[in-house]
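Q: Output the structure for:
(3 chains)
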Amino acid sequence: MPAPVALVDCNNFYASCERVFQPELRGVPLVVLSNNDGCVIARSNEAKALGIAIGEPWHMVRERLGAKIPRMRSSNYTLYGDMSARVMRILADFTPDLELYSIDEAFLGLAGFEQRLETHARMLRQRVLQWTGIPVSVGIAATKTLAKVANHRAKKDQACAGVCVMLDGAAIDAELGRLPLTDIWGIAGRLARRLASLGIETPLALKQTDARFIRERFSVTLERTVRELQGWPCIALEEAPPDRKTIIASRSFGRMVTERREMEEAVASYASRAAEKMRRQQLAAGRIMVFVQTDPFRPQDAQYARERVLALPVATADTGIIIVAAHRALGAIWRPEFHYKKAGVMLLDLVKADRVQGGLFDRPDSARSQACMRALDKLNRRFGRDTVSYAAAGVRPGWSMQRGSLSPRYTTNWDELLTVGDTPHQPGRC
DNA sequence: TCTGGGGTCCTAGGACCC
DNA sequence: TCTGGGGTCCTAGGACCC
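A: Numbers count the residues shown, from 1 in each chain, chains lettered A, B, ... in the order given. Predicted structure coming up:
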């Protein structure tokens, strides 16, 4: 019998966070909106009852509900991150085996608590509510996938009062027979349709399917889901979060961008944000990708979407270099004739910074550092303001360079890269 | 001049998660 | 008029190199 695992999930997390500090939002329909107040990303129970869907455009909600329009808040990720950290610190008091799964969810290994699972869970729930004001639901089962199912039940079934321990075989099967396939972790619309076409229409039917058959017809991932439904843990608790493999900074624009200069500023700021995130995680990037796209919701406009990947000469966490490289990548895909709705910067091939044996700057007065600073100056002059500060660019000693330890495929020429500021755009050339 | 296999990289897209 | 952002994993064709 494997140790039980709990999934703790904050109810309507973003909406609940807003309510903690704004009591007038309690008990009324409330939605939290995405960037530019574009669409709904969180709903209170009262808003769910109005039939508002996640991802529904805000303007459509307003049109549809007219006088019954819910309260709304623009999203505030700083607040949510802070509240999340507070909740997670409390959870850590309830188990030594904690996996922070997302901003509002955590898995808890409960080895040693087998005899008092329910009371333990109720204490946890009570303390989180009392100390943070955030209501949570707790689902406990033999595997992560089943803990998700139990959590779902804890949320939906009033009788559970927020906690559901699901360890009894008959009770599990009854629940799995009731749910749609898409309520199972890892199964969305496409997979559910493919399964249904084989006569597998409920999680219970999936559980009773031969796992090897599933691996052959689908994938090893879905096979794991089957075994997890059967009660065999296949997805381990990951207490130390794995390092990120990519970091993205992107935004939809509030209005169409048509000027290259405007796009350059946007991309520079995304590059800078992505690099900051990366340095916070002690990582360095081997490649950078920049993408731009028009508005797919305007079919009457000419559509265009391109991305350009650029290998950096060495893996680096240096904001200045990232910005210069992003600028260069943008030059390769920019076409003046389109109206752009979105752009972004992705950092790829991330490696531990301490294994890089150096980002770019061995000494601030090295030739390369000087070249980079000149490139930054050029960018700043071009944009007419301090787009990139040296401090933000991380121009400082602390990384010593050792080319020999780096992958030989990072062969881009720095001198070429750093002249980006004044090379005119040449189609097809990067 | 013709033949071919294997490997990596780039670009693009799909499916899933929160 | 108004349609999110940040992730993971996988697939596939073509370019290019050896």
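Q: Stretch A:106-119 and DNA strand B in contact?
A: No - judged by C-beta under 7 Å from any atom of the strand, stretch A:106-119 stays clear of DNA strand B, getting no closer than 10.1 Å. In this view, the C-beta of every residue, glycine as well, is placed from N, C-alpha and C.
Q: just how off-centre is stretch A:120-130 within its chain?
A: On the basis of C-alpha atoms, centre = their mean, to the nearest Å, stretch A:120-130 is displaced by 27 Å from the centre of the chain it belongs to.
Q: okay, the residue lying closest to A:Lys245 once chain neighbours are set aside: pLDDT?
A: Leaving aside its sequence neighbours, A:Lys245 sits nearest to A:Leu350 (C-beta to C-beta, 6 or more residues apart in numbering; 6.0 Å). Confidence at A:Leu350, expressed as pLDDT, is 89.
Q: I'd guessed A:Leu350 sits against A:Arg244; true?
A: Yes - with contact defined as C-beta atoms under 8 Å, A:Leu350 reaches A:Arg244; the gap is 5.8 Å.
Q: Tell me which of the two has more neighbours.
A: A:Leu350 (20 against 13; other C-beta atoms under 10 Å).
Q: For A:Asn76, see how far away that one is.
A: Applying C-beta to C-beta, to the nearest Å, the value for A:Leu350 to A:Asn76 is 27 Å.
Q: A:Val31 now?
A: Distance of A:Val31 to A:Asn76, given as C-beta to C-beta: 14 Å.
Q: who's more crowded, the two?
A: Shown here are A:Val31 and A:Asn76; by other C-beta under 10 Å, A:Val31 has more neighbours (28 against 15).
Q: Next, give phi and psi for that one.
A: Per-residue torsions, A:Val31: phi -120, psi 150 (degrees, to the nearest 10).
Q: Next up, the contacts around it.
A: When contacts are counted by C-beta atoms under 8 Å, 6 or more residues apart in numbering, A:Val31 touches A:15, A:40, A:42-44, A:47, A:52, A:58, A:61, A:70-73.
Q: most neighbours, which of those?
A: Scoring the contacts of A:Val31 on neighbours with other C-beta under 10 Å, the highest-scoring entry is A:Ser44 at 26 neighbours.
Q: contacting residues for that one?
A: Residues counted as contacts of A:Ser44 (C-beta under 8 Å, 6+ apart) are A:Asn12, A:Ala15, A:Ser16, A:Arg19, A:Leu25, A:Val28, A:Pro29, A:Leu30, A:Val31, A:Pro70.
Q: helix or strand for the closest residue to the fifth one other than its chain neighbours, which one?
A: Setting aside the residues directly before and after it, A:Leu25 is nearest to A:Arg19 in space (C-beta to C-beta, 6+ apart), at 4.8 Å. A:Arg19 belongs to helix A:13-21 when elements are defined using DSSP states H and E.
Q: go on, A:Leu98?
A: Assigned by DSSP H and E, A:Leu98 belongs to strand A:97-102.
Q: ok, and what's touching that strand?
A: A:7, A:88, A:91-92, A:106-111, A:237-239, A:241.
Q: out of these, which is most surrounded?
A: Most neighbours among the contacts of strand A:97-102, by other C-beta under 10 Å: A:Leu7, with 27 neighbours.
Q: Check the secondary structure at it for me.
A: The three-state label given to A:Leu7 by DSSP: H, G, I helix; E, B strand; the rest coil is strand.
Q: can I assume it is in contact with A:Lys144?
A: Yes - the pair A:Leu7 / A:Lys144 is scored as a contact, 7.0 Å apart, by C-beta under 8 Å.
Q: what residues do those two have in common as contacts?
A: A:Phe107.
Q: If we only consider the contacts of A:Val31, which is nearest to DNA strand B?
A: A:Ala42 (10.3 Å; C-beta to the nearest atom of the strand).
Q: The closest one belongs to a strand, doesn't it?
A: Yes - the assignment for A:Ala42 by three-state DSSP puts it in a strand.
Q: Near DNA strand C, which residues of chain A are found?
A: Residues of chain A found near DNA strand C (C-beta under 7 Å from any atom of the strand) are A:34-36, A:38-39, A:41, A:54-55, A:57, A:59, A:219-221, A:244-252, A:255, A:273, A:277, A:295, A:297-298, A:342, A:344.
Q: do that again at 6 Å, thanks
A: Within chain A, the positions near DNA strand C by C-beta under 6 Å from any atom of the strand are A:34-36, A:38-39, A:41, A:55, A:57, A:59, A:244-252, A:277, A:297, A:342, A:344.
Q: Let me know the helix or strand that A:Glu175 is in.
A: Applying DSSP H and E as the criterion places A:Glu175 in helix A:169-178.
Q: What residues of the helix or strand following that helix count as buried?
A: Where DSSP H and E defines the elements, the next helix or strand beyond helix A:169-178 is helix A:189-197. Neighbour-count burial for helix A:189-197, counted by 16 or more other C-beta atoms under 10 Å, picks out A:Leu191, A:Ala192, A:Leu195.
Q: Quick check: which element contains A:Arg279?
A: helix A:260-280.
Q: where are the low-confidence patches of chain A?
A: For chain A, the stretches with pLDDT under 70 are A:313, A:354-430.
Q: circling back to that earlier point, what sits up against the helix holding A:Glu175?
A: Helix A:169-178 is contacted by residues A:Ala141, A:Leu146, A:Val149, A:Arg153, A:Met166, A:Thr202, A:Pro203, A:Leu204, A:Lys207, A:Leu229, A:Gly231 when judged by C-beta under 8 Å, 6+ apart.
Q: quick one, phi/psi of the fourth one?
A: Torsion angles at A:Arg153 (phi, psi; degrees, to the nearest 10) stand at phi -60, psi -40.
Q: who does the most centrally placed residue in chain A bridge with?
A: By C-alpha atoms, centre = their mean, chain A has its centre lying nearest to A:Ser102, at 8.2 Å. Applying DSSP bridges to A:Ser102 gives these bridge partners: A:Glu105.
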